[in-house]
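In: For reference, the sequence and a predicted model appear below.
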Amino acid sequence: MDAPSTAELLGRMFREGHGIAAHQEGPAVRLPEAALTVAVGTPEVQPNGLVVRLPIGIGHPAWGDTPAWDQSVGIAREGVHPVAEALNGWLHNVFPVFAAFALPGSELAGHVHTDLKFDGQRALRIHYGPLAMRDFGGLGEATKRAAVDRPPSTVVAERLFGGYALPDRPVWWYSFCARMPNGPVDEVTLLNGDASEQLTGISDHLPWEGHGSLKSWALAVPATDEVHRAEVPIGR
């Protein structure tokens with residue numbers, strides 16, 4: 001599948017699966033009710049043909065011309081193309097944080113946890129997306145419960161809003177943490193850039209058992225209407 005055919009499939013998923021108006025324009029899908037535009041790249045198929053990596057980004061006038069990019073992975077299963085799996089994973093694990101911002105009454109926005117934070121000067125709504133978890137063998141229940149209770153993306157929020165100067169516009173990030181046979185992985189992507197060296201140890205609080213990975217997105221949005229009412233301090 002090329003980028004336009006992938007965008008066509010995504011548009012159908014929005015319309016038929018979730019009742020969201022969507023119009024395809026080449027390798028992009030526009031969501032007019034939300035002023036969102038989703039751009040897809042050409043799926044990168046692995047040599048075995050069973051796994052794809054799909055570049056997919058989402059834009060909105062609130063954060064300018066640069067989309068929030070993700071690399072969604074799709075693994076083929078019986079009767080389902082890996083590109084469809086990649087799109088489905090992005091739609092249910094990444095898009096919800098942007099739906100919470102731009103389509104707050106939608107079904108997908110209902111999968112997001114939103115916190116109101118205040119640093120003494122400004123209030124922020126932080127939308128935390130669903131936690132995508134893969135078990136590669138022996139990932140224990142204690143690890144899974146702890147990850148759900150306090151995902152690494154919340155640790156990133158505590159660090160960011162406890163000492164970093166951030167722009168006065170929506171800020172997005174995602175964390176990818178894993179324990180693999182060849183060692184641990186802790187990665188943070190902030191505004192499309194690698195912030196892993198500045199934000200280390202974000203999953204150290206988890207009682208890791210076995211091998212597996214955790215990935216989740218978050219979107220922080222200035223909440224100027226709440227600045228006088230916010231009472232929750234940033235951090236924990």
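Out: That came through, no problem.
In: Packing partners of the longest strand anywhere in the chain?
Out: Longest strand in the chain, counting residues (DSSP state E): strand 211-222. The contact analysis (3 or more C-beta pairs under 8 Å, 6 or more residues apart in numbering; DSSP states H and E) places strand 211-222 against helix 82-93, helix 95-102, strand 123-128, strand 132-137, helix 152-160, strand 171-180. The way it works is simple: take the backbone N, C-alpha and C, and place the C-beta from them, glycine included.
In: closest one to W63 among those?
Out: Closest approach to W63 among those (C-beta to C-beta): strand 171-180, 7.8 Å.
In: Of all the helices and strands packed on strand 211-222, which one comes closest to Q46?
Out: That would be helix 82-93 among these, by C-beta to C-beta, at 8.6 Å.
In: which outside residues touch that closest one?
Out: 1, 6, 9-10, 13-14, 17-18, 43, 45, 50-54, 56, 70, 72-77, 108, 111, 129-130, 132, 215-217 (C-beta atoms under 8 Å, 6 or more residues apart in numbering).
In: out of those, which are buried?
Out: Neighbour-count burial (16 or more other C-beta atoms under 10 Å) applied to the contacts of helix 82-93 gives 1, 6, 9-10, 13-14, 18, 43, 45, 51-52, 54, 56, 70, 72-74, 76, 108, 111, 129-130, 132, 215-217.
In: Break this protein down into its domains, please.
Out: 3-102, 112-226 (automatic domain parsing).
In: Can you add mean pLDDT and give these back as TSV?
Out: Output for those, formatted as TSV (pLDDT from 0 to 100):
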stretch	mean pLDDT
domain 3-102	92
domain 112-226	90
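In: what's the neighbour count on E25?
Out: Burial of E25 is recorded as 12 neighbouring residues (other C-beta atoms under 10 Å).
In: Am I right that D186 is in a helix?
Out: No - according to DSSP: H, G, I helix; E, B strand; the rest coil, D186 belongs to no helix; its state is strand.
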